[in-house]
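Student: sequence first, then the predicted structure, then my questions.
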Amino acid sequence: MHDTQISPELIQRTIDFHGHSCPGLAIGIRAAEVALREVGRSSDEEVVAVVENDNCAVDAIQFLLSCTYGKGNLVHLDYGKLAFNFYRRSDGKAIRVIGRPDIFGHQDDEFMYLRKKMMKQGLIKEENEQLKRATTAWTRHIMEADLDELFDTTRAQVPIPQKAQILERLICDACGEQTMESRTRRFLGQTLCIPCFEAREKTELRGYITWLL
């Protein structure tokens, strides 16, 4: 395995945290390695991660860098990109780590066929074993490659998120549940949570369309 800042023991703990070893988790481990080298690990909220996907890699980012949703220093942007932004609050250092197009190495036709078949109709035992071997090979490739073979690193363009704030909780006039005030909406003189606001909005829109017809 390529030398990393992350010990085999810590890699195994990351796998245990995620639940299994896979190429996606391996990408997160290696992206975290870049972050550890460039901005360090968060002791509390010092390091912030803004991830542009919601795949297995994010679990490695969370575990290895101590970035979590609860502390507000793990932010998800639903872009579907294999990209990770890391920030250090103390000096404003900000990097964006982007998976290169060939990060998975050569994807053979047989592997792609098996993966698609597994998702659509399932595999027989021999095909499952074949897919497991290919997945293990992909994971090994990612863990053993040089970082510059896997990622391009640039300056992050997304502004650093603000620290988590403790805000007042308001009661939704529709469902009666407590809701953080920054997530409430005003509608016809009522204070509503987002789900109730959207439901009322749809009801009003349907009524308006019916009136037009």
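Tutor: Thanks, I have it.
Student: what's the span of stretch 160-177, first residue to last?
Tutor: Its first and final residues considered, stretch 160-177 spans 31 Å by CA to CA, to the nearest Å.
Student: domain-wise, how is this protein divided?
Tutor: With automatic domain parsing serving as the domain definition, the record reports that the chain contains domains spanning 8-155, 169-212.
Student: sketch out the low-pLDDT regions of the protein for me.
Tutor: Counting by pLDDT under 70, the chain contains low-confidence ranges at 1-4, 105-108, 205-213.
Student: tell me where it has helices.
Tutor: Using DSSP state H, the helices of the chain run over residues 8-18, 23-38, 57-65, 109-120, 125-144, 147-150, 194-212.
Student: now these in TSV, with mean neighbour count?
Tutor: Backbone N, C-alpha and C define where each C-beta goes, glycine included. As requested, the helices of the chain are exported to TSV (neighbours: other CB atoms under 10 Å):
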stretch	mean neighbour count
helix 8-18	15
helix 23-38	23
helix 57-65	23
helix 109-120	12
helix 125-144	15
helix 147-150	16
helix 194-212	12
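Student: and these as JSON lines, adding distance to Val48?
Tutor: Written out in JSON lines, the entries for those read as follows (distance: least, CB to CB, whole Å):
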{"stretch": "helix 8-18", "distance to Val48": "20"}
{"stretch": "helix 23-38", "distance to Val48": "10"}
{"stretch": "helix 57-65", "distance to Val48": "9"}
{"stretch": "helix 109-120", "distance to Val48": "34"}
{"stretch": "helix 125-144", "distance to Val48": "24"}
{"stretch": "helix 147-150", "distance to Val48": "21"}
{"stretch": "helix 194-212", "distance to Val48": "24"}
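Student: Arg100: which of those is closest?
Tutor: Put simply, out of the helices of the chain the one that sits nearest Arg100 is helix 147-150, at 6.1 Å, with distance taken as CB to CB.
Student: which residues touch the closest one?
Tutor: Helix 147-150 is contacted from outside by 27, 30, 33-34, 99-100, 103, 142, using CB atoms under 8 Å, 6 or more residues apart in numbering.
Student: give me the most central residue, the protein.
Tutor: Most central in the chain under CA atoms, centre = their mean is Asp54, positioned 3.4 Å from the mean C-alpha point.
Student: what is the burial count for the closest residue to that one other than its chain neighbours?
Tutor: Here the nearest residue to Asp54 in space, its sequence neighbours aside, is His76; by CB to CB, 6 or more residues apart in numbering that works out to 6.0 Å. When counting by other CB atoms under 10 Å, one arrives at 13 neighbours for His76.
Student: try the one 10 residues further on
Tutor: The local packing of Phe86 (other CB under 10 Å) involves 29 other residues.
Student: what is it paired to in the beta sheet?
Tutor: Beta-bridge partners of Phe86, counted by DSSP bridges, are Ala49, Ile95.
Student: residues in contact with it?
Tutor: The neighbours of Phe86, taking CB under 8 Å, 6+ apart as the test, are 34-35, 38-39, 47-50, 65, 94-97, 156.
Student: filter those down to the buried ones.
Tutor: Buried members of those, counted by 16 or more other CB atoms under 10 Å: 34-35, 39, 47-50, 65, 94-97, 156.
Student: mind putting the residues you listed into a markdown table with distance to Tyr87?
Tutor: Below are the buried ones among the contacts of Phe86 laid out as a markdown table (distance: CB to CB, whole Å):
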| residue | distance to Tyr87 |
| --- | --- |
| Val34 | 13 |
| Ala35 | 10 |
| Val39 | 7 |
| Val47 | 7 |
| Val48 | 4 |
| Ala49 | 8 |
| Val50 | 7 |
| Leu65 | 11 |
| Ala94 | 5 |
| Ile95 | 8 |
| Arg96 | 10 |
| Val97 | 12 |
| Ala156 | 7 |
